[in-house]
Structure formats: structure tokens, C-alpha cells
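In: When you get a sec, could you give me coordinates for this:
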Amino acid sequence: MNQHAKVDIRHSTCPHDCPSACALDIEVIDGRSIGRVRGSKQQTYTAGVVCAKVARYAERIHHPDRLLYPMRRTGPKGSGQFARISWDEALDEIAARFDQAEREFGAESVWPYYYAGTMGLVMRDGINRLAHVKKYSRYYSTICANIARVGFAIGTGKIAGVDPREMGVSDLVVIWGTNPVNTQVNVMTHASRARKERGAKIAAIDVYNNDTMKQADIKILLRPGTDGAFACGVMHVLFREGYADRAYMDRYTDCPDELETHLTTRTPEWASKISGVPVEEIEAFARLVGQTKRTFFRLGYGFTRSRNGATQMHAALCIPAVTGAWQYEGGGAFFNNASIWQFNESIIEGHDAIDPSIRWLDQSQIGRILTGDTDALKGAGPVKAMLIQNTNPVTVAPEQALVRRGFAREDLFVAVHEQFMTETAVMADIVLPATMFMEHDDLYYGGGHQHISIGPKLIDPPGECRSNHEVLQGLGRRLNAVHPGFEMSPRELIDTTLKKSGHGDIETLEADLWRDIQPDFRTSHYLDGFAHADKKFHFKADWANPPSGKPGLGPWEQMPPLPDHWMVIEEADEAHPFRLATSPSRSFLNTSFNETPSSIAREGSPTVMIHPEDAASLGIADGDAVTLGNTRGETTLTARLFDGLRRGVLVAESIHPNKAHIGGHGINMLTGAETVAPVGGAAFHDNKVWVQKATSASGRKS
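Out: Got it, this is the predicted structure:
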């Protein structure tokens, strides 16, 4: 007689690098495997919706290509030749190589490197505890949100805004610098609710007619890096035509009269020449915003991908301060809720062991660091050994030519703790198999909403996979890294962190499932004043003293104090007549899900969107192999003719593996790692390139 499998519905939180941090209902089958994953209806932001790639998570967690055992490299670097070893052998060798590097070159020659392959606090951030205790080089996280965060906080005083669920009661939702259909599906849940229930309009502002713009009522198509000019043109109209709320500005903002005077020359005609948006579209959008008190500005991570991104974010954020939209339910702005969590991660990260004299190294400049750039190394010695968790820099980091050269160094020891044999793992000396989020305990927050939650272990991992914390414990013992955090279980670390943060204990949070910690209406709308010392929203930005990040980086002295178009972007020129944006795809998340069959099937091979008129001028047909290049390198991929972008603009969605590109050189061969003002960052969407038709499958140019 056939027995039916027992299916339990368990709860967790999506750990991937996405602001939605969706609340999940997960089918656990016989306590050993998972089935369908659904968005939970019990959590009001997720509201029962989850992206397709996470809904099919079973194909990722039970993938036949998962790493299952520790391995040591047996062939040349990058050959992919490995042999299975035991965990003791692997950890002993890593510890021995780290100790050797420390003896010969100093502790700072070891650089633990990580990012947001998981957003769980224990598994993501615990690696910092090892760095702090051992006095290894510290890590400055710059590759994602720094630029946009500082642009938002420079206006409001902190990184927090209106309850994002208020999109559902807005009359106009402006989705700017983000493509949530691809990247934050729940934004569309709440915006669509407003349209259905209130007749609200959805406006999308972006550099190409993406899947979000296709669903929008108002479509604003910009040239990359020109959002600030567009915002100034809009505000010019708001002042000129009487839509500026002067009573609100007098009470809540720092210098409205100075802003108005400044904007007199930032006309729609001026803005149109820079942004490519027709004058009539700028004026129509401004009037709609001015006439619609409940306008919600959902500002996205696209701002953080440009050299002038901080100023652009600030300029866009100034619009609801001019109209006074912050006063109304469904009005105001939101980017991220980083300031509301107040998590004390001292035990997870070992804050008591921090030595401020130890250098920090910029995550985005890993290529320069590994190839000996003196400035990137802060004038000190080389990096000789690395432990890498939760990231895949050989594919995702900018300046790939340097990154690949650095990882090919014979004198560099690299240990990679991973779930799959990524292109970074292929370059490693030791590869360790890692758990996935349903196979360990962790603590989560939602950057794009207001919930905190426990993600409990639901099933046992396959093979000999170990969690990040277990690896750090094993290395800590071998390296004589003494700290209470190494002696605690993940649940104990979570419990201690919650108590230190004023969030109660782990059992209480587990009972809550997803705890809503959204501040009250007056706080969220800054009705008792903004978070600056003067309680004002700042039209005039003090870039020398930003509320977040490390100040004084990049050409910060050149940043305009008032909203403007800052001409620091990588402008097209005669040799490089196109501007390239490397935008996120729908079925990959950075390089997560690159290995799942459904995501691969949907995304296909790497393509670049090019305007048909531009293609015709170059003799390029749809489906042709084309090579893109600049001073950093070249990549070859397939042309996709697309009229949903401005002429002179190219868009390549997603980060495909390097090996998926014709010739094996990925899109980040073209992206730069120059330090972005004022707090560092990487300008992934800010690249000037040339385009030529490729003549062969190898990608050689005509």
C-alpha cells in the first residue's frame, strides 16, 4: 500500500539580497525535503506574493550540482580540478595558510571577504568577528547601497521613510530608479492595489522600458545618470506654477527660498537637453505631482549605480519636500528602513575586538587590491590569503580583468565556502560546502519593509554541508581566535543580539513569526521634524558630514550642495559613443539562481539591448554577436534590437556567468571601480563603451 508523504507548512524569510525579504510558507515533506514555496498572507507587506524564482526554491536547494564535501585544488588555478578531503584537513590547511601569511606579511595580509548571498545577520556578518579578533584587514562594504543611502539620509537625516504599505492608499505611486517587477515584486502588489481600489496612477522613471514601466500609466525614459536634471526641471515647474507648498517648506525645510532661486535656471528645456525627456513630459509629470497630494515616491537602488547617484537620489527626494507630500497618508518617500532596526551586532561581529588602526579594504576594489594597487591597499602590504563567503567576486566585482588576474596569482591562497561551484570557487585552493537558509537558524530584517523575523532550520543539509557559523567556529579554534561569539550556537547569538537590541528574546520573536516594528505615522512622515539636528529636511546637502558611511571619499568636494545635474558621470565620447547600464534581470539575483533550470531557461544567453536606429548605423541585426568595449576590457554577447531606450543607451540585463558570454568575458569587464563620492561605492550602470559587430563565435571584432 502506498503511503502519502507528510507535508507540513513551516515559516521562514527569504534570505537573498533583495529588499522584499519575503515572508515564506514552505512545504516541508517528511521532514527531509521541501516542496512549493509561497509568500505568506500573514505578513502584511509580503501579502501572499513571492517571486517566481523563490517559489521554485526546491530546484535550488535540492539541485544535483550542490557542493557536498570539502575539496582541495589538484590542478592549475582555475582548472576546476579538485579532490575530496575531510573537514579537518580543509580547516587545518586554511588555518595553517592564514598563520603562515600572518607570520611572513603581518595579520593584515589576510582579508576575509563576504557580501549578501545571505542577508541573515549571523551567517552574513559573523565573518567580521574573525577579522576583528585576529586583526586581519577589515572590510568596507561598498558594492551595493552606499551611494543611494547617503543621498536619502542627507535629506531626511536618517535612512527611513513612509510605511511602504502606504503605497496601497496613495493616489500616485512614483517608482523611480528601480524595476520591482524584476527585483522587488511586493512593491507592485501595493502599487497595484492603489490603482485597483483608488484609481491611482503608477509612474515609472527609468533608463529603459522595463517590465515595471510596461505596467505603468506614466512612463519617463531617461538617459542614464540624468535623474538629477529631470528632478530639477520638475521642481522648477512646481515653483513656477504654484504647486510648491510654501507653508510646509517654511516649517519643515532648511532653505526653500535659496532652492527656488537656484532652480530658476534649471528649466524643463535645460533638463530635457540633459535627460532626453521631452519638455512636455517634464511639465506634465510636474503638474500631476503638484496636483496629487498623496504622491508616494518609491526610490530605488538604481541611484546607487552611478557616479553622481548620491546627488541624484537627493534631488529626487527633494520633490515631495517641495510639494509637502510627506504630510499625507500615502504621500512622502521611501528607499530603505535601515535606521529602524537598531540591531546591536556586537556579539555577532565582535565589536569589542575592533582595532581602528587596522586598515579597511574596499570590497569593490578587489581587483586593484589583488593586483597590488598601492592606493587600494592603503599604502600597506599585499593580501596573501582570503576566506570568501556569500559572494562571487570573479563574476560580480567590477574591473574583471584585474579581478581575474588577481585570483590567478600563485602566491594568493583562497578558501571559498559556497553552495555551488561558482566561478570564484573554481579559482580557490580549498572549497567548502555551505548550507542554504532552510538548513540553519538565522535572524532577518526587511530593508524594503518593517518586519524582523527568525528563519529557523527546517531540514538537514545534504552531504557534509556546514553553515558559515560552523566554519568560523572551526577556524576560530585552530587560529586561537578567542571570543564568546565563537562558543555560541546560532540560536544563542540570535537570542543575545535580540536582547542587546531591545527586541526581547528568540522565543518571543519566533511566536510573532514576523514582527512589525514600523514607527508610528507622525515619526514615519517626520511630522515632528526630520532627523537632522535642526529638525529640517535639508535641500542644502552637507556632503562633508554625511549621516552614514565613511566620509571624504571620491571627489566629494565637487558635489553640488543644492539639487542639480552633477557632471561627473562617464559621458559618452567619440571613441565610446554609447552609455551602458547593467540592470538586474527577473530570474537571476546577482549570480544566485544562475544554476537553476527555470531561471536559465527564462534568461537564456547574455544579450544587450540596442536601439534599432543605432544598430542600423552600425550594420547590426537582431541576434548578431556584438562586442562591447572600453579601456577596461571587452565582452561579446548577442544584440537585441529594442526601441524602449534612448538612442546612445545600451542595457544588458543580469549578471550571467562569464563563461556564458561568447569568449568567456562577462559584462563586468566593462564596469569601473573608481571610488564614488562621498562615501564610496561602485558605479555599475555608469559606463561609456563602443559597440562593434563581432565576426566569429570567439568574439573577434570586424
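
In: Neighbours of Leu68, how many?
Out: Using other Cβ atoms under 10 Å, Leu68 has 13 neighbouring residues. For glycine as for every other residue, the C-beta is placed from the backbone atoms N, C-alpha and C.

In: Can you name the residues that contact it?
Out: By Cβ atoms under 8 Å, 6 or more residues apart in numbering, the contact list for Leu68 reads Pro433, Pro462, Gly463, Glu464, Cys465.

In: out of those residues, which is most surrounded?
Out: Pro433 (23 neighbours).

In: A strand includes that one, no?
Out: Yes. Per DSSP: H, G, I helix; E, B strand; the rest coil, Pro433 lies within a strand segment.

In: Bridged to it, which residues?
Out: In this entry, Pro433 is beta-bridged to Glu418, by DSSP bridges.

In: ok, it touching Gly463?
Out: Yes. Pro433 is within contact range of Gly463, at 6.1 Å (criterion: Cβ atoms under 8 Å).

In: anything in contact with each of the two?
Out: Counting by Cβ under 8 Å, 6+ apart, the residues touching both Pro433 and Gly463 are Arg66, Leu67, Leu68, Tyr69.

In: Compare these and tell me which has the most neighbours.
Out: Using other Cβ under 10 Å as the neighbour criterion, Leu67 leads the shared contacts of Pro433 and Gly463 with 23 neighbours.

In: what helix or strand does that residue sit in?
Out: According to DSSP states H and E, Leu67 maps onto no helix or strand at all.

In: wait, what's in contact with the closest residue to Ala408 other than its chain neighbours?
Out: Nearest non-adjacent residue to Ala408, counting by Cβ to Cβ, 6 or more residues apart in numbering: Lys77, 5.6 Å away. The neighbourhood of Lys77, defined by Cβ under 8 Å, 6+ apart, consists of Phe407, Ala408, Glu410, Met427, Asp429.

In: try 10 Å
Out: Phe407, Ala408, Arg409, Glu410, Leu412, Val414, Val426, Met427, Ala428, Asp429 (Cβ atoms under 10 Å, 6 or more residues apart in numbering).

In: State the distance from the fifth one to Asp25.
Out: Plainly put, Leu412 is 44 Å away from Asp25 if you go by Cβ to Cβ, to the nearest Å.

In: And the second one, by the same measure?
Out: Distance from Ala408 to Asp25, counting by Cβ to Cβ: 45 Å.

In: So those two - more neighbours on which side?
Out: Higher neighbour count among Ala408 and Asp25: Asp25, with 19 against 14, using other Cβ under 10 Å.

In: which SS state does the more buried one fall under?
Out: For Asp25, the secondary-structure state derived from three-state DSSP is strand.

In: from memory it sits against Gly39, does it?
Out: Yes. Contact criterion Cβ atoms under 10 Å: Asp25 and Gly39 qualify, at 7.4 Å.

In: list residues touching both of those two?
Out: Thr46, Gly48, Val50.

In: Scan the residues you listed and report the most crowded one.
Out: Most surrounded of the shared contacts of Asp25 and Gly39: other Cβ under 10 Å gives Thr46, at 27 neighbours.

In: for the longest helix seen in the chain, the distance to its chain's centre please.
Out: In terms of residue count, the longest helix belonging to the chain (DSSP state H) is helix 87-105. Relative to its parent chain, helix 87-105 has a centroid offset of 32 Å by Cα atoms, centre = their mean, to the nearest Å.

In: From the contact counts, what lies against that helix?
Out: Packed against helix 87-105 by the contact rule (3 or more Cβ pairs under 10 Å, 6 or more residues apart in numbering; DSSP states H and E) you find strand 71-73, strand 110-114, helix 121-134, strand 385-389, strand 413-418, strand 430-433, helix 468-478.

In: So, low pLDDT: which residues of the chain?
Out: Scanning the chain for pLDDT under 70 picks out 1-3, 696-702.

In: Give me the residue at the spatial middle of it.
Out: For the chain, Cys144 is the residue whose C-alpha lies nearest the centre (Cα atoms, centre = their mean; 4.0 Å).

In: Now that that one has come up, it's in contact with Tyr301, right?
Out: Yes. Because the distance of 7.0 Å satisfies Cβ under 10 Å, Cys144 is recorded as touching Tyr301.

In: before we move on, the earlier item: mind giving me the PyMOL command for buried ones among the contacts of Lys77?
Out: To isolate the buried ones among the contacts of Lys77 in PyMOL, judged by 16 or more other Cβ atoms under 10 Å, type:
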select buried, resi 407+409+412+414+426+427+428+429
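
In: Among the contacts of Lys77, which ones are in strands?
Out: Of the positions in the contacts of Lys77, Val414 sit in strands, assigned by DSSP state E.

In: still on that earlier bit, report the secondary structure element holding the residue nearest to the centre of the chain.
Out: Counting by DSSP H and E, Cys144 is part of no helix or strand.

In: so after the strand ranked longest in the chain, what's the next helix or strand?
Out: If you go by DSSP E, the chain has its longest strand at strand 633-641. Using DSSP H and E, the helix or strand that follows strand 633-641 towards the C-terminus is strand 649-651.

In: helices and strands around that next one, which ones?
Out: strand 578-581, strand 607-610, strand 687-693.

In: Distance from the chain centre to it, please.
Out: In terms of Cα atoms, centre = their mean, the centre of strand 649-651 is set 20 Å apart from its chain centre.

In: In its sheet, which strands sit next to it, and in what direction?
Out: If you go by DSSP bridges, strand 649-651 pairs up with strand 578-581 (parallel), strand 607-610 (antiparallel).

In: ok, residues contacting the last one?
Out: Under the criterion Cβ under 10 Å, 6+ apart, residues 208-210, 578, 580-583, 615-616, 618, 620, 622-624, 626, 628, 635-645, 647-654, 656, 667, 689, 691 lie in contact with strand 607-610.

In: For the helix or strand following that strand, which outside residues touch it?
Out: Remark: after strand 607-610, the chain's next helix or strand is helix 612-618, criterion DSSP H and E. Residues outside helix 612-618 that contact it (Cβ under 10 Å, 6+ apart): 577-578, 609-611, 620-622, 624, 626, 639-643, 645-650, 690-693.

In: any idea where the helices of the stretch 301-450 of the chain begin and end?
Out: 309-323, 346-349, 366-370, 393-396, 400-407, 423-426 (DSSP state H, counting those that start in this stretch).

In: Who are the packing partners of the fifth one?
Out: Counting contacts by 3+ Cβ pairs under 10 Å, 6+ apart, the secondary-structure elements packed against helix 400-407 are helix 366-370, helix 393-396, helix 423-426, strand 633-641.

In: got TSV for those, with distance to Leu377 too?
Out: Shown next, in TSV, are those (distance: least, Cβ to Cβ, whole Å):
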stretch	distance to Leu377
helix 366-370	6
helix 393-396	16
helix 423-426	20
strand 633-641	22
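
In: Any idea which of the ones you listed gets closest to Ser137?
Out: When these are compared by Cβ to Cβ, helix 366-370 sits nearest Ser137, at 8.9 Å.

In: List the buried residues of stretch 448-462.
Out: Using 16+ other Cβ under 10 Å as the test for burial, stretch 448-462 gives 448-459, 461-462.

In: which two in those are spaced the farthest apart?
Out: Spanning the widest gap among the buried residues of stretch 448-462 are Gln450 and Pro462, at 34.6 Å by Cβ to Cβ.

In: still on that earlier bit, with Arg240 as the reference, name the closest of the helices and strands packed on helix 400-407.
Out: Minimum separation from Arg240 across the helices and strands packed on helix 400-407 (Cβ to Cβ) falls at strand 633-641, 39.4 Å.

In: Neighbours of Lys158, how many?
Out: There are 17 residues near Lys158, going by other Cβ under 10 Å.
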